[in-house]
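Participant: Need a 3D model of the following:
(chains A and B)
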Number of protein chains: 2
Amino acid sequence: MKATGVVVEYNPFHNGHLHHLRETRIATGADIVVAVMSGHFLQRGEPALVSKWSRTKMALEAGVDVVIELPYSFATQHAEIFSKGAITLLDRIGCESFCFGSEDGDIHAFDNTIQFIHTNQEQYDKYIRDFIQEGMSYPSALAGAYQRLEKKGSVIDLSKPNNILGFHYVEARNRFSSSLKAYTISRESAGYHDEHFASPSIASATSIRKSIFADGQNHEINSYLPDSSVQELYSYKDEYGSFHRWENYWTLLQYKILSSSKAELQDIYEIEEGIENRMVEYAKSSVSFEDFMTNLKTKRYTWTRLQRMLLHILTDTHKENMRKRHAHPEYIRLLGMNKKGREFIHQQKKDLSLPLISKLSSADQKAISLDVKAAEIYSLGLQNSSARKKLLHQEWSQPPIMI
Amino acid sequence: MKATGVVVEYNPFHNGHLHHLRETRIATGADIVVAVMSGHFLQRGEPALVSKWSRTKMALEAGVDVVIELPYSFATQHAEIFSKGAITLLDRIGCESFCFGSEDGDIHAFDNTIQFIHTNQEQYDKYIRDFIQEGMSYPSALAGAYQRLEKKGSVIDLSKPNNILGFHYVEARNRFSSSLKAYTISRESAGYHDEHFASPSIASATSIRKSIFADGQNHEINSYLPDSSVQELYSYKDEYGSFHRWENYWTLLQYKILSSSKAELQDIYEIEEGIENRMVEYAKSSVSFEDFMTNLKTKRYTWTRLQRMLLHILTDTHKENMRKRHAHPEYIRLLGMNKKGREFIHQQKKDLSLPLISKLSSADQKAISLDVKAAEIYSLGLQNSSARKKLLHQEWSQPPIMI
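Facilitator: Got it, this is the predicted structure:
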């Protein structure tokens, strides 16, 4: 059995993901698609719309064969650490290749770009330092430095979000798993951050979430999601009473900031340079998460970076603790599989170099503690206390989802 | 000007308090009554129904001349530390006496009791140890040990809650301020913990609060409170949207327990003997504060002691921090005064041995930090985020209330 991997958030699973899945099978010729999917919290430092279990169901219904979890310590990080975790896990579970969507769509251009930056590393690093000293955010400095280098040959446009992620996947592959073959397919019809619907059937997850929160009925989104995803979203709302968004956690975040000492805040992962002072100030004067973020935002920090800091505050994730956990993945947590996926896992099982977790209680509790805490805190975003209790316990009681 | 002191929570101010106030003036012959009042959180480890500012207004409207705050580090403690803080503050602000309500009503019996226990200290301490080893809670062990001693002369019944408090006031006076004269008056018509209305105009604060939460209209309570208290309660509800009760803080407490490590919980004031394990377990399985407390309760811990532990968890009050703060009062915080009260304060000002705080920004921020944090967290019990912001800022912006 030949397996390929995809790196996903599925927040929620939509037609663009379906397209990516089909093209991945064609491009790689694989029998099995393994998705490494972020848990309850995502790379932009946000809670997922619905739980990882619900998103696993959507993925399986749409044809993914195996879903494994990208742990909190990788899922909520900038592209480099994120990619290290995702690519390493796909390698360790026995994929022969991985395939990502990109604006560029040409895998050779990615290889060329890495080679090109490598050759010009010194100049590139200097430009980055210069831009950061001018007060630019880190991602803008990276893009600016790359822009300024004199390009040769076919290289990618590193200002495009999916190209950036793909670049880091390929780079992580080069560093941690030389045997994984990389594929890319061209993304169609929807920019990553687009907030409006552009094509008749493909829309960005951002625009879909916006529509979900704007409209109680959500008829508008039906044409952009497979039926199975629409059904799963409705049934989640029915079962748990609401979707998850940062505003649901605002009071908890406000409480956490106001009840912590400055020293405690400084000890949180990613907190630096005295930003905790501004956080304490605005936690007192802001009336919502949106309001708080708007007050906090400066040119120096991207919205995403701030959200990630706040997420680590919410989950009380300390520098030391994160440093131990994101060195390399320590386990493979199985979230779900279909029949073919079970055969694949059965076949791989004996040769895995990392423990395979399908029951939380038998896992190394220390290694997985961040994921457990994240899951428990994610559940507190629900209003209804019985729904909250149910979701909190799902982390412990849910075996891998089988379809 | 001759001043006397009373130790109060006024949660809320009712006709029993009015009676105590009148009798205090008669018994002591004082021109001025100074109330040392607990802030937002109370001795039973609970949030006050309404803020300290609102309760200060009730007190002034009902004839109290000066209201000063009993700091968090004394207000949320067992009787011994609570009394040390309250009696010391009344002494330092220049009272000549203090007067408390008690079931017994005879001040000589209090003096006799202290003398009697002193004489039998060794036997008394042994009985206490025995009872605690049998698994009894500390207050029950105290009462049981006293019960077992062979009494001589007129001594008080130390199983009665107001007698117990009064006993500790007098004992604190003996230790920290020999010049304060003690008075007691007999409490009338309502037991401290009574949940039902017994007399036509006097009811316990417990029964009044119960009625307030049970009935949106609260007509039933009108006969047990002065009109000014009723008006203040209505206007608080109008302004802030709700009263405060533990349930308002349940999600925050649940979040705090689930996001803290066991070591962090063990470091919280009053947490001992592995109770943090039970707290973590029940924080996952309980659906409300009431449910949580019921699950947590054992014979060993009184409801009050558990609530105080949980309050210190909520306010993130560490052992070390509390130890520094409850050694002795470090400041006198002025909450309100009437015209006569202002004259009294003006007269005392130059001779005070503790700093008098009427503006928070000019206080020793380290010394007062627990009170500030408590006030900010108290405000998070309000649903409406603008009301929450207003109450949070009142801690900083409110000068002493003048009528």
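
Participant: CA atoms only: put the helix or strand A:H108 falls within into CSV for me.
Facilitator: Secondary-structure assignment from DSSP states H and E places A:H108 in helix A:107-119. The C-alpha atoms that make up helix A:107-119 are tabulated as CSV, following Å, rounded to 0.1, in the frame of the first residue of the first chain:
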residue,chain,number,x,y,z
ILE,A,107,7.6,21.6,-7.3
HIS,A,108,10.9,22.3,-9.0
ALA,A,109,10.5,26.0,-8.3
PHE,A,110,10.3,25.1,-4.6
ASP,A,111,13.6,23.1,-4.8
ASN,A,112,15.2,25.9,-6.8
THR,A,113,14.0,28.5,-4.3
ILE,A,114,15.5,26.6,-1.3
GLN,A,115,18.7,26.2,-3.3
PHE,A,116,18.8,29.9,-4.2
ILE,A,117,18.3,31.1,-0.7
HIS,A,118,20.9,28.7,0.6
THR,A,119,23.4,30.2,-1.9
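
Participant: Who are the packing partners of it?
Facilitator: The helices and strands touching helix A:107-119, judged by 3 or more Cβ pairs under 8 Å, 6 or more residues apart in numbering or on different chains; DSSP states H and E, are helix A:161-176, strand A:181-186. The way it works is simple: take the backbone N, C-alpha and C, and place the C-beta from them, glycine included.

Participant: so for the helix or strand just after the last one, what's the average pLDDT?
Facilitator: Going back to what we said before, that points to strand A:181-186. From strand A:181-186 onward toward the C-terminus, using DSSP H and E, the following helix or strand is helix A:205-214. Taken as a whole, helix A:205-214 has an average pLDDT of 84.

Participant: what comes up buried for helix A:205-214?
Facilitator: Residues A:A205, A:T206, A:S207, A:I208, A:R209, A:K210, A:S211, A:I212 are the ones in helix A:205-214 that count as buried (16 or more other Cβ atoms under 10 Å in any protein chain shown).

Participant: how many other residues sit next to the residue nearest to A:K319 when sequence neighbours are not counted?
Facilitator: In space, and not counting its chain neighbours, A:K319 is closest to A:Y269: 5.0 Å by Cβ to Cβ, 6 or more residues apart in numbering or on different chains. The tally of other residues near A:Y269 (other Cβ atoms under 10 Å in any protein chain shown) stands at 24.

Participant: contacting residues for A:Y269?
Facilitator: Contacts were defined as Cβ atoms under 8 Å, 6 or more residues apart in numbering or on different chains; by that measure A:Y269 touches A:H312, A:T317, A:H318, A:K319, A:N321, A:M322.

Participant: 6 Å - rerun?
Facilitator: A:Y269 makes contact with A:H312, A:T317, A:K319, A:M322 under the criterion Cβ atoms under 6 Å, 6 or more residues apart in numbering or on different chains.

Participant: Is the last one in a helix, a strand, or coil?
Facilitator: At A:M322, secondary structure determined by DSSP: H, G, I helix; E, B strand; the rest coil is helix.

Participant: Could you report the neighbour count for it?
Facilitator: A total of 20 residues lie near A:M322 under the criterion other Cβ under 10 Å.

Participant: which residues sit in contact with it?
Facilitator: For A:M322, the set of contacting residues under the criterion of Cβ under 6 Å, 6+ apart consists of A:S73, A:Y269.

Participant: if I look at it, how far off is A:Y72?
Facilitator: Using Cβ to Cβ, to the nearest Å, A:M322 is found at 9 Å from A:Y72.

Participant: In CSV, list the contacts of A:Y269 along with pLDDT.
Facilitator: Supplementary listing: the contacts of A:Y269 in CSV, determined by pLDDT from 0 to 100:
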residue, pLDDT
A:H312, 98
A:T317, 96
A:K319, 95
A:M322, 93
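
Participant: Closest one to chain B out of those residues, please.
Facilitator: Of all these, chain B sits closest to A:T317, with 9.5 Å by Cβ to the nearest Cβ.
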